[in-house]
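*Asks:* how would this look folded up:
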Amino acid sequence: MLGKDIYYIGVSPGGPSIDDSRFHVQVLDYADGVKMLNSRSIDLYLYNETAITRNDDRSRYAEGALKQYLTKAETTRMIVDYDINQSFPLRVEVIKGTSPAATPAATSIAATPTPAPSVDTSSAVLQQISEAQNGSSTKFKAEFVSDNEIIVPSLMTSPMPLSQVVLAFLYVVPMLFMGIFFNSSFMEEKTNRKLNILMSAPVTPLDIISGKMLPYVGFSLVVVVILTLILGGDVLLALAIFLPVILFIFSIYLIVSLVYRTFKDQTFFSMAAITFVTGYLVLPALLTGINNVSYISPLTLAVQMYRGESFGISEYLLSTVPMYLVFGLSLFVGTRIFNEEYLMSFGPLYRKVGDALYLAIDRAHPYISIGLLGLFAIPIVFMVQMIIAILSLIIPVSMPTMVYLAILLALCVIVEEVAKSAGIATLLENKKVASTKMLIGLAAASALGFFIGEKLLLYVSLSVVSNVVLIEALGSAGLLIIPLVAHFVFTSTVCLATQKLGVKYYPLAIFAGSILHFLYNFVILAQQMGMV
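*Replies:* Alright, predicted model coming up:
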């Protein structure tokens, strides 16, 4: 039976009764329980009211599942053994109407021990108890409840911090406008060939790009300071939070303006960029206080700043390091493709991206270049995968959990395989790979670079985000050598298939490598969920 005996746990004599098919329960004394826990014969030992666990994923998942079960069981026991007033003595009654000290339609809240409840009050509380037992989340703040509604605080879950997220997003709006102005200015000079004059001057491409970007970045920083002063926030903290956001936004607009030549294409991809940036910043922040995966967005830090809550260096690094790295990568690629032939050429997106990769690679040191390309592709891959992880948490679906996670996992592995092999495919297309031996060497370099970057970012992310099985499966559950070998096998598969079939069949090669990668990660995912 699916879902039966997922976790093996030991319970001390006289411990709580556990009636859940997910748990295989054994009654053990303390010595035997600890011994079997350390030998991995059981996943958790419950000694009286204390849960003893190992420091591994399976034991932590068993602890989480047991806590969820015991919470529901205790709620049920309270309903059966006690009168409803004794079980849940505190109610919050929300009354919407006119009060002497407020404007019409103001909201007042009274939180007092409830007297003998009416039939309607008891029904409302029992309905909330039923929702809590079924795992449903309910409203919390007054603005989310209806007139004269009775709520029980202990059964409520924290709401999404919509008002604080909107407040934090006020910072982003002017940044997006500055990015659009920067993009338009760049495009105008490129189409009018004014950039050709600049390229003939004794300045470097980095000087030109930095000179055009700095005024807009400076103005964005001034806006951050002004908004923070108006809203009563911490100016230095706000600058630390929003500087990487500004750089991230301008890095995207820089690449868009360099890759595309016409205003029509530029407008389309600028709107696509705005959509991605907005989604990446806002969606995770909506989970502030609900799930730690929200820390992938700097807006989460801004929400906490205005809530008066603190955060650590790990949370700050997880939110900002990928953005700093994307900015650095965009500057490097921008300086490499900053030549008249590339800037004035036309072509579809895949063609322009391929040419940009080819120009970014140092053909005199292909192995080092491909390894670094794999390493510095990690922030982009990380951002895309985190968005997918966020979607897995906030979008309700009717399909089975494993099917849904399998779809998300497939999207993640395709992104990874493209990131690892695109540079090598570009070298193959330009006939810069002399032999199969060299191809295998390039695949190894890419796999090693990607693996190092993946583990570094995963170390930071898992120190903040826990119990998100999709993230842990992508990181191969803490394994070391095996994922490195696996990355090499998957990348080699894509590259050899591309060499054998031809570059025009590169998407088919990606599909082949992604199947192998998917099967590998799906096994890891199933292990994380206790399915195998």
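*Asks:* residues touching stretch 214-224, excluding its own?
*Replies:* Stretch 214-224 is contacted by residues 171, 174-175, 178-179, 181-182, 238-239, 242-243, 246-247, 250 when judged by Cβ atoms under 8 Å, 6 or more residues apart in numbering. Placement of C-beta: from N, CA and C, glycine included.
*Asks:* just the buried positions in that stretch, please.
*Replies:* Using 16 or more other Cβ atoms under 10 Å as the burial criterion, the residues of stretch 214-224 that qualify are Y216, V217, F219, S220, L221, V223, V224.
*Asks:* what's the closest of these to K35?
*Replies:* Nearest to K35 among the buried residues of stretch 214-224 is V224, at 57.4 Å by Cβ to Cβ.
*Asks:* one step back: which among the contacts of stretch 214-224 count as buried?
*Replies:* Buried, going by 16+ other Cβ under 10 Å: Y171, P174, M175, M178, G179, F182, A238, F242, L243, I246, L247, F250, out of the contacts of stretch 214-224.
*Asks:* mind checking which of those residues are in strands?
*Replies:* Assigned to strands by DSSP state E, none of these qualify.
*Asks:* so which of those belong to helices?
*Replies:* Among those, DSSP state H puts Y171, P174, M175, M178, G179, F182, A238, F242, L243, I246, L247, F250 in helices.
*Asks:* count of residues packed around I424?
*Replies:* I424: 29 surrounding residues under other Cβ atoms under 10 Å.
*Asks:* what sits against it?
*Replies:* By Cβ under 8 Å, 6+ apart, the residues touching I424 are I370, V433, L439, L442, A443, S446, T491, C495, T498.
*Asks:* could you do T204 as well?
*Replies:* T335.
*Asks:* and it, how far from G211?
*Replies:* Distance of T204 to G211, given as Cβ to Cβ, to the nearest Å: 10 Å.
*Asks:* now for the buried ones among the contacts of stretch 214-224: which two are most distant?
*Replies:* Among the buried ones among the contacts of stretch 214-224, F182 and A238 lie farthest apart (Cβ to Cβ), at 21.5 Å.
*Asks:* phi and psi next, for L44.
*Replies:* phi -160, psi 150 (degrees, to the nearest 10).
*Asks:* strands of the stretch 201-350 of the chain, start to end?
*Replies:* Taking DSSP state E, counting those that start in this stretch to define them, one finds no strands in the stretch 201-350 of the chain.
*Asks:* shaky segments in this structure?
*Replies:* Where the chain drops to pLDDT under 70, the residues are 1-5, 78-162, 261-266, 391-402, 458-480, 525-532.
*Asks:* which residue is nearest the centroid of it?
*Replies:* In the chain, the residue lying closest to the centroid (Cα atoms, centre = their mean) is M386, at 2.6 Å.
*Asks:* hmm, L258 is touching R336, no?
*Replies:* No. Counting by Cβ atoms under 8 Å, L258 stays clear of R336, with 10.1 Å between them.
*Asks:* out of the two, which sits in the busier spot?
*Replies:* Shown here are L258 and R336; by other Cβ under 10 Å, L258 has more neighbours (24 against 17).
*Asks:* still on that earlier bit, measure how buried the residue nearest to the residue nearest to the centre of the chain when sequence neighbours are not counted is and give me the count.
*Replies:* Leaving aside its sequence neighbours, M386 sits nearest to I296 (Cβ to Cβ, 6 or more residues apart in numbering; 4.5 Å). Neighbourhood size, I296 [other Cβ under 10 Å]: 28.
*Asks:* check R351 too.
*Replies:* Neighbour count of R351, defined by other Cβ under 10 Å: 11.
*Asks:* any idea which element it lies in?
*Replies:* Using DSSP states H and E, R351 sits within helix 349-360.
*Asks:* and that helix, what does it pack against?
*Replies:* Using 3 or more Cβ pairs under 8 Å, 6 or more residues apart in numbering; DSSP states H and E, the elements in contact with helix 349-360 are helix 235-259, helix 313-336, helix 340-343, helix 366-376, helix 401-429.
*Asks:* how about a cut-off of 10 Å?
*Replies:* Under the contact criterion of 3 or more Cβ pairs under 10 Å, 6 or more residues apart in numbering; DSSP states H and E, helix 349-360 touches helix 235-259, helix 263-285, helix 313-336, helix 340-343, helix 366-376, helix 401-429, helix 506-528.
*Asks:* and it, how far out from the chain's middle?
*Replies:* Offset of helix 349-360 from its chain centre (Cα atoms, centre = their mean, to the nearest Å): 27 Å.
*Asks:* list the buried residues in that helix.
*Replies:* Within helix 349-360, the residues that count as buried by 16+ other Cβ under 10 Å are K352, G354, D355, A356, L357, Y358, L359, A360.
*Asks:* which residues does the fourth one contact?
*Replies:* Contacts for A356 were tallied using Cβ atoms under 10 Å, 6 or more residues apart in numbering; they are I255, L258, V259, V333, G334, R336, I337, Y342, T426.
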